[in-house]
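> predicted model and sequence below, questions to follow.
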Amino acid sequence: MFFKGTKTRSAREIAESFDRIGGQVNAFTSKEYTCYYAKVLDEHADQALDVLADMFFNSSFDEEELAREKNVVYEEIKMYEDTPDDIVHDLLGKAVYGNHPLGYPILGTEDTLKTFNGDSLRQYMEQMYIPENIVISVAGNIDESFIQQVENYFGTYTSSHSAHQYVQPEFHTNHIARKKETEQAHLCLGFKGLPIGGEDVYSLIVLNNVLGGSMSSRLFQEVREQRGLAYSVFSYHSSYRDSGLVTIYGGTGSHQLDVLYDTVQETLYDLKDKGITDKELANSKEQLKGNLMLSLESTNSRMSRNGKNELMLGYHRSLDEILDLVNAVTKDSVNGLARDIFKDEFALSLISPSGDLPKGFKGN
């Protein structure tokens, strides 16, 4: 609704203010934060800041605009329901975190959407969009005069509300299976990971790269290249403020679900039993460093990373500090994490035509 008009600008005028200078304005929402951002030439930075500040302080939350936007989100939810390879990840979040906010889908549901109105949005903003919860991150060719402009717009912003105290998430090893007419069975396994500021988080990133984070990873090579069981198979780590989740995903024909599950388990057992090799460690660390260096070419990436670190951690690591942490990762630290994380109890989510769990799954 920030993009749907302010006291002095219509939704069209907000869009045109960026279009006519060749800029971009957008927003995205994660499990724990929302980012509103603009990307423009440095000569138009003041104008972009003016519009973003207007959206923040003066959004009208017009009821007619809200009704239209709710309908758009309704359609987005319906479209999402047609992508089981996405839904299965939300089901895993539900299996792991239950009714904690981390277990909710980012899009929400039709039932929750029906309860929203202009007043409820204003109330939410007053309670949550307070100085303690806001970070302004800027990357690019800026100078002190622009920083002063930011101060002029936001420096005197205050709120009578205090920061919301969140309930600590608990990690559950539940399973959720949904019967749905799909061409494939979609499977996720979930293991307890590390929070965003975890001491061994870079060892875990290396571990994930070796397991399923690249085309040369063990899962990709074994499941897809050697056995041809799946087109899409991968793993990833989600770090939150107070929790972490390592996810393994694979999509395959229903008749191959049991073989896929068993192959993943065999891969995990081999990883825990024998550990990673010197070559895997070296390759994964170089991949991480290369990805980091290439990301520096994007001001969007810098803006997002700096803002997230400041908001979630309260500090920002320099490039040299990150490289030192990556270089310090050892085989022992990675192998120890593999044994700690990939235990016999884990969460599972499944979407398939039958909804039947893999035969090898013992349940939790």
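Okay, I see it. Residues are numbered from 1 along each chain as shown.

> with adjacent residues omitted, what lies nearest to residue 193?
Residue nearest to residue 193 in three dimensions, not counting chain neighbours: residue 244, with 2.9 Å by Cβ to Cβ, 6 or more residues apart in numbering. Just so you know, the C-beta spots here come from the backbone N, C-alpha and C atoms, and that holds for glycine as well.

> ugh, wrong one, residue 89
Taking Cβ to Cβ, 6+ apart as the measure, residue 89 lies nearest to residue 188, with 6.0 Å between them; neighbours along the chain are not counted.

> list phi and psi for that neighbour.
Per-residue torsions, residue 188: phi -130, psi 140 (degrees, to the nearest 10).

> list the contacts for it?
Taking Cβ atoms under 8 Å, 6 or more residues apart in numbering, we find residue 188 in contact with 88, 89, 91, 92, 247, 248, 249, 348, 349, 350.

> which of these has the largest number of neighbours?
Neighbour count (other Cβ atoms under 10 Å) singles out residue 350 as the most crowded of these, with 28 neighbours.

> residues touching that one, list them.
Taking Cβ under 8 Å, 6+ apart as the criterion, residue 350 is in contact with 88, 91, 175, 176, 177, 178, 185, 186, 187, 188, 357, 358.

> so it, which of the three states?
What DSSP: H, G, I helix; E, B strand; the rest coil gives for residue 350 is strand.

> pull out the buried residues from stretch 298-316.
The neighbour-count criterion (16 or more other Cβ atoms under 10 Å) identifies 302, 303, 304, 305, 306, 307, 308, 309, 311, 312 as the buried residues of stretch 298-316.

> would you confirm that the fifth one contacts residue 137?
Yes. Using Cβ atoms under 8 Å, residue 306 is in contact with residue 137, at 4.8 Å.

> any idea how far residue 174 is from residue 87?
As for residue 87, its distance to residue 174 is 16 Å (criterion: Cβ to Cβ, to the nearest Å).

> on that earlier part again, which of the contacts of residue 188 fall within strands?
In strands, judged by DSSP state E, the following of the contacts of residue 188 are found: 247, 248, 249, 348, 349, 350.

> pretty sure the second one is touching residue 186, no?
No. When contacts are counted by Cβ under 8 Å, residue 248 is not listed as touching residue 186 (12.0 Å).

> remind me which residues of this structure are low pLDDT?
Judged against pLDDT under 70, the low-scoring parts of the chain cover residues 364.

> strands along the stretch 51-200 of the chain, start to end?
Under the criterion DSSP state E, counting those that start in this stretch, the stretch 51-200 of the chain carries strands at the ranges 175-179, 185-192.

> in TSV: those strands, plus distance to residue 344.
Supplementary listing: these in TSV, determined by distance: least, Cβ to Cβ, whole Å:
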stretch	distance to residue 344
strand 175-179	14
strand 185-192	11
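
> nearest to residue 55, out of those?
With Cβ to Cβ, the closest approach to residue 55 among those belongs to strand 185-192: 36.3 Å.

> helices or strands up against the helix or strand just after that closest one?
Using DSSP states H and E, the helix or strand that directly follows strand 185-192 along the chain is helix 201-212. Identification of packing neighbours for helix 201-212 by 3 or more Cβ pairs under 8 Å, 6 or more residues apart in numbering; DSSP states H and E yields helix 218-219, strand 233-239, strand 244-252, helix 257-274, helix 278-295, helix 319-327, helix 331-341.

> tell me the bridge partners for the closest residue to residue 180 other than its chain neighbours.
Spatially, and ignoring its direct neighbours in sequence, residue 180 is nearest to residue 351 (5.2 Å; Cβ to Cβ, 6+ apart). Here residue 351 sits in beta bridges with residue 178, residue 186, going by DSSP bridges.

> could you report the neighbour count for residue 351?
Residues near residue 351, counting by other Cβ under 10 Å: 23.

> isn't it up against residue 183?
No. When contacts are counted by Cβ under 8 Å, residue 351 is not listed as touching residue 183 (11.1 Å).

> residues contacting residue 47?
With the criterion set at Cβ under 8 Å, 6+ apart, residue 47 makes contact with 17, 21, 40.
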